[in-house]
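Participant: pasting the sequence and the predicted model now:
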Amino acid sequence: LRAYAVEGHGLVQILDRLDAMLQRFHPRGFTTLCLLLVDLAAGTMSVANAGHLPPLIADEQGARYLSVRGPLLGVGLRRPEPTEFPFPAETLVLLVTDGLVERPGQSLDEGMELLRATVSHRQDLGELCDELLERFGRDQGDDIAMLAMRRL
């Protein structure tokens with residue numbers, strides 16, 4: 001992923017190259033990925049999703065998931081172009097893996113809704129991550145990764 005990004009490929013081209021690599025070297029493997037390209041000067045972010053949980057955005061209007069979808073990596077399907085979203089000051093963006101919100105006996109949508117209802121755009125990023133790990137990450141059998149950022 002880093003090599004493709006350093007070479008200057010666009011978001012969809014990066015996903016296409018990763019998809020081809022998985023098909024060739026891991027033909028039975030599938031994975032998900034969500035890429036964001038932030039343009040601070042323009043105040044925007046472009047998002048390309050490959051079957052991953054969408055970014056959670058929190059601002060003065062509340063918290064919501066961005067509507068971005070795309071096929072898993074490893075299946076060889078055509079990908080939609082990246083979607084551009086505004087990224088104004090004081091907006092919080094949270095990316096997580098499903099290990100944070102997925103629970104046995106509970107739908108993924110329920111876990112995502114609980115996460116959405118927990119996040120506020122004014123929270124300190126370190127405290128937010130600690131709170132989410134404490135609330136959602138205890139006794140999880142799956143890996144958890146999370147990235148939180150705020151545009152100042």
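Facilitator: In hand now; what should we look at? Numbers count the residues shown, from 1 in each chain.

Participant: mind listing what A63 touches?
Facilitator: Residues near A63 by C-beta atoms under 8 Å, 6 or more residues apart in numbering: 56-57, 116-117, 119-121. All C-beta spots, glycine's among them, are computed from the backbone N, C-alpha and C.

Participant: ok, V93 - how many residues close by?
Facilitator: Neighbourhood size, V93 [other C-beta atoms under 10 Å]: 22.

Participant: over to it. Which of the three states is it?
Facilitator: When classified by DSSP: H, G, I helix; E, B strand; the rest coil, V93 comes out as strand.

Participant: ok, now how distant is it from I144?
Facilitator: Using C-beta to C-beta, to the nearest Å, one gets 17 Å for the distance from V93 to I144.

Participant: ok, now G74?
Facilitator: Relative to I144, and taking C-beta to C-beta, G74 is found at 22 Å.

Participant: looking at the two, which one has more neighbours?
Facilitator: Counted by other C-beta under 10 Å, G74 and I144 do not tie: G74 has more neighbours, with 21 against 15.

Participant: so what does the more buried one look like in phi/psi?
Facilitator: Dihedral pair for G74: phi 110, psi 0, per degrees, to the nearest 10.
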